[in-house]
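[1] just to be clear, the model below is a prediction. Sequence and coordinates:
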Amino acid sequence: MILRPDRPANGGEAVGRLDGRVVFVRDAIPGELVRARVVDDSQKRFVRAEAVEILEPSPHRVDPVCDAARHGAGCCDLVYVSIEHARELKAAVIGDALARIGGFGADVLADLGVARDMVAGLGDAGTGWRVRTRLGIGADGRAGMHARHGSGIIAGHECAAPEAGMLSGLDDLELTPGGDLVVVADMNGDRHITELAPPRPVGRSGRRGARGTAQAVRRRRAEPRAQRVVVGAAAAAHRVGGRVWQIPVTGFWQAHREAPAVYGQTVVAMIAAAGGVGRGLVWDLYGGAGVFAGATLDAAGAQVGAVAAVHVVDSDAAALAAAEATFADEPVEVHHGEVSAAATGLPTPDVVILDPPRTGAGAAVIGVVADADPDVIVHVGCDIGRFARDLALFADHGYRVQEIRAFDAFPLTHHVEAVAALVPAHRRR
Ligand SMILES: C[S@@+](CC[C@H](N)C(=O)[O-])C[C@H]1O[C@@H](n2cnc3c(N)ncnc32)[C@H](O)[C@@H]1O
């Protein structure tokens with residue numbers, strides 16, 4: 001098919017129409033005239049396609065800087081778009097999601113500054129920003145990025161996102177075919193590598209279909225697996241301001257080196273702008289090792305007033321152990337469990353910070369947060385569709401968005417991070 005898609009989709013594709021059907025075209029930039037090939041026609045309302053020839057290229061098309069992506073890896077899926085324009089496309093996706101899923105009117109979005117220049121960079125040129133990455137290990141024992149399509153491993157071609165040197169010399173390591181390799185650069189730039197044993201194989205089942213098999217493979221990969229330290233230590237030190245955390249190499253820490261500090265500053269600035277923390281009780285939900293707990297404590301006195309206690313909730317016991325070690329003498333309490341259950345027993349908060357995974361927080365958690373009646377909620381989201389849905393759920397509970405910001409925390413990819421501050425809707429502007 002030949003078409004000219006005209007807007008960006010949340011997954012990085014360009015969206016067009018042909019014969020009344022929506023077409024998601026990957027590897028195309030909105031505005032380009034492309035010849036595309038259908039890759040999935042199983043849905044009634046839309047078709048998935050990939051550009052095979054760019055007939056009229058966008059002025060924003062650039063030569064790919066990522067060698068791995070050029071050779072078919074799925075790492076840097078927007079590598080063919082200039083970084084400035086990629087940010088504009090991400091801003092358009094945010095505006096679209098907030099309007100369609102979040103129910104925000106055009107006037108409210110304009111008031112909140114949702115515009116094409118809203119996505120801020122984290123002080124980089126788009127390469128060498130990543131301090132944590134996960135690779136696959138191919139049948140030949142070589143580590144590389146996962147292929148964009150199919151289950152292959154692209155070895156011998158480095159991704160442009162990790163910090164310089166993080167991926168060098170991996171071919172010298174003796175690795176287990178079928179396993180995964182997690183590579184981390186710590187606060188000093190030293191490298192730590194842990195191998196995860198191959199996941200249990202997924203049995204053959206004719207009834208499952210391609211989609212079901214892919215889901216089964218994902219579930220198997222998420223199961224706990226044996227770990228082996230290959231280089232460095234099992235935990236890596238990360239610093240934000242004056243605090244240092246020892247985070248397991250296979251645990252969670254923000255991928256972009258600047259993200260923890262920038263998000264922390266953003267969260268406390270939003271809390272201050274929304275009126276501070278009252279008598280000083282903060283919930284840091286999906287708090288991991290407590291980056292936002294640290295930011296609120298650091299800002300105490302200066303911006304947000306005294307913080308009496310921060311309650312960090314997370315389902316990852318190792319992250320909470322790291323938090324306990326870092327906050328040994330500070331008013332931080334950790335709570336292990338699912339947020340929906342663990343948050344119900346906590347003392348009443350003035351401020352709630354939520355930073356859920358890509359699935360978002362969802363109705364149950366948002367109900368618990370709203371019932372606790374905080375003065376300020378700061379919601380951090382890495383999937384813009386779920387983020388918009390969560391803001392709509394907060395609106396149903398009487399909270400309105402006071403401020404919204406977005407960061408290009410995953411340059412060269414379609415991903416974007418958004419942060420919103422919410423206050424009770426009855427409070428005057
Ligand atoms: C995006 S990370 C944020 C971590 C932390 N705020 C940070 O910036 O380092 C999401 C966190 O949510 C945790 N998590 C995921 N699902 C959860 C759930 N249902 N209940 C509690 N924690 C959960 C993960 O373990 C992870 O630490």
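    All right, it came through fine.
[2] who's in contact with the residue of the chain found nearest the ligand?
    Ranking the residues of the chain by distance to the ligand (CB to the nearest ligand atom) places Gly288 first, at 2.9 Å. The way it works is simple: take the backbone N, C-alpha and C, and place the C-beta from them, glycine included. Gly288 makes contact with Phe252, Trp253, Val312, Asp314, Asp316, Ala319, Ala323, Asp355 under the criterion CB atoms under 8 Å, 6 or more residues apart in numbering.
[3] now render these as TSV, adding distance to the ligand, secondary structure and neighbour count.
    Formatted as TSV, the contacts of Gly288 follow (distance: CB to the nearest ligand atom, whole Å; DSSP: H, G, I helix; E, B strand; the rest coil; neighbours: other CB atoms under 10 Å):
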residue	distance to the ligand	secondary structure	neighbour count
Phe252	4	coil	16
Trp253	6	coil	22
Val312	9	strand	28
Asp314	4	strand	25
Asp316	4	coil	17
Ala319	5	helix	24
Ala323	10	helix	28
Asp355	4	coil	23
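[4] in those residues, find the pair that's most separated.
    Trp253 and Val312 (14.7 Å; CB to CB).
[5] what about the helices in the stretch 51-200 of the chain?
    67-70, 83-100, 106-111 (DSSP state H, counting those that start in this stretch).
[6] what comes into contact with the second one?
    Spelled out, it's helix 83-100. Helix 83-100 is contacted from outside by 7-10, 29-30, 58, 60, 78, 81, 104-106, 109, 114-119, 121, 125-126, 384-385, 387-388, 391, 404, 406, 408, 411-412, 414, 416, 418, using CB under 8 Å, 6+ apart.
[7] now these: which count as buried?
    Among the contacts of helix 83-100, the ones that count as buried by 16 or more other CB atoms under 10 Å are 8-10, 29-30, 58, 60, 78, 81, 104, 109, 114, 118-119, 121, 126, 384-385, 387-388, 391, 404, 406, 408, 411-412, 414, 416, 418.
[8] surely Trp129 touches Ala161?
    Yes: in this structure Trp129 lies within contact range of Ala161 using CB atoms under 8 Å: 6.2 Å.
[9] those two: which has the busier surroundings?
    Ala161 (28 against 24; other CB atoms under 10 Å).
[10] close to the ligand: what parts of the stretch 301-429 of the chain are there?
    Counting by CB under 6 Å from any ligand atom, the stretch 301-429 of the chain comes close to the ligand at Val313, Asp314, Ser315, Asp316, Ala319, Glu338, Val339, Asp355, Pro357.
[11] who does the host helix or strand of the first one pair up with?
    Secondary structure assignment for Val313, by DSSP states H and E: strand 309-314. With DSSP bridges as the test, strand 309-314 is paired with strand 281-285 (parallel), strand 332-336 (parallel).
[12] residues near Pro224, how many?
    Pro224 has 8 neighbours, counted by other CB under 10 Å.
[13] any idea what Leu422 is bridged to?
    Under the criterion used (DSSP bridges), Leu422 bridges to Ile377, Val401.
[14] that one contacts Arg400, correct?
    Yes: using CB under 8 Å, Leu422 makes contact with Arg400 at a distance of 6.5 Å.
[15] quick one: which of the two has more around it?
    Taking neighbours as other CB under 10 Å, Leu422 and Arg400 compare with Leu422 leading, 27 against 15.
[16] distance of the residue most central in space within the chain from Ala255?
    Nearest to the mean C-alpha position of the chain, counting by CA atoms, centre = their mean, stands Cys382 at 3.7 Å. As judged by CB to CB, to the nearest Å, Cys382 and Ala255 stand 10 Å apart.
[17] between these two, which contacts overlap?
    Common neighbours of Cys382 and Ala255, counting by CB under 8 Å, 6+ apart, are Ala409.
[18] hmm, back to that, give me every residue that touches the residue nearest to the centre of the chain.
    Pro357, Arg358, Ala409, His415, Val416, Glu417.
[19] for ChimeraX, write a command that selects the buried ones of those residues.
    Buried residues among the contacts of Cys382 (16+ other CB under 10 Å), as a ChimeraX selection:
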select :409,415,416,417
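[20] export the contacts of Cys382 to TSV and tack on secondary structure and pLDDT?
    Converted to TSV, the contacts of Cys382 look like this (DSSP: H, G, I helix; E, B strand; the rest coil; pLDDT from 0 to 100):
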residue	secondary structure	pLDDT
Pro357	coil	96
Arg358	coil	95
Ala409	coil	97
His415	coil	97
Val416	coil	97
Glu417	strand	98
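[21] got JSON lines for the contacts of Cys382, with distance to Leu281 too?
    Converted to JSON lines, the contacts of Cys382 look like this (distance: CB to CB, whole Å):
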{"residue": "Pro357", "distance to Leu281": "25"}
{"residue": "Arg358", "distance to Leu281": "28"}
{"residue": "Ala409", "distance to Leu281": "28"}
{"residue": "His415", "distance to Leu281": "32"}
{"residue": "Val416", "distance to Leu281": "31"}
{"residue": "Glu417", "distance to Leu281": "26"}
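[22] which of the contacts of Cys382 sit farthest apart?
    Maximum distance among the contacts of Cys382 (CB to CB): 15.3 Å, for Pro357 and Val416.
[23] burial of Gly310, as a residue count?
    Not Gly; residue 310 is Val. So Val310, with other CB under 10 Å, has 30 neighbours.
[24] show me the beta-bridge partners of it.
    Beta-bridge partners of Val310, as defined by DSSP bridges: Val282, Val332.
[25] mind listing what it touches?
    Per CB under 8 Å, 6+ apart, neighbours of Val310: Val282, Trp283, Asp284, Gly290, Ala293, Thr296, Leu297, Pro331, Val332, Glu333.
[26] would you mind listing which of the residues you listed are buried?
    Judged by 16+ other CB under 10 Å, buried ones among the contacts of Val310: Val282, Trp283, Asp284, Gly290, Ala293, Thr296, Leu297, Pro331, Val332.
[27] I'd like the helices of the stretch 51-200 of the chain as a markdown table, with distance to Glu174 appended.
    Putting the helices of the stretch 51-200 of the chain into a markdown table (distance: least, CB to CB, whole Å) gives the following:
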| stretch | distance to Glu174 |
| --- | --- |
| helix 67-70 | 22 |
| helix 83-100 | 37 |
| helix 106-111 | 54 |
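[28] could those go into a markdown table alongside mean pLDDT and distance to Leu170?
    Converted to a markdown table, the helices of the stretch 51-200 of the chain look like this (pLDDT from 0 to 100; distance: least, CB to CB, whole Å):
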| stretch | mean pLDDT | distance to Leu170 |
| --- | --- | --- |
| helix 67-70 | 96 | 12 |
| helix 83-100 | 98 | 27 |
| helix 106-111 | 96 | 45 |
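[29] relative to Leu196, which of these is closest?
    helix 67-70 (19.9 Å).
[30] what packs against the closest one?
    Identification of packing neighbours for helix 67-70 by 3 or more CB pairs under 8 Å, 6 or more residues apart in numbering; DSSP states H and E yields no helix or strand.
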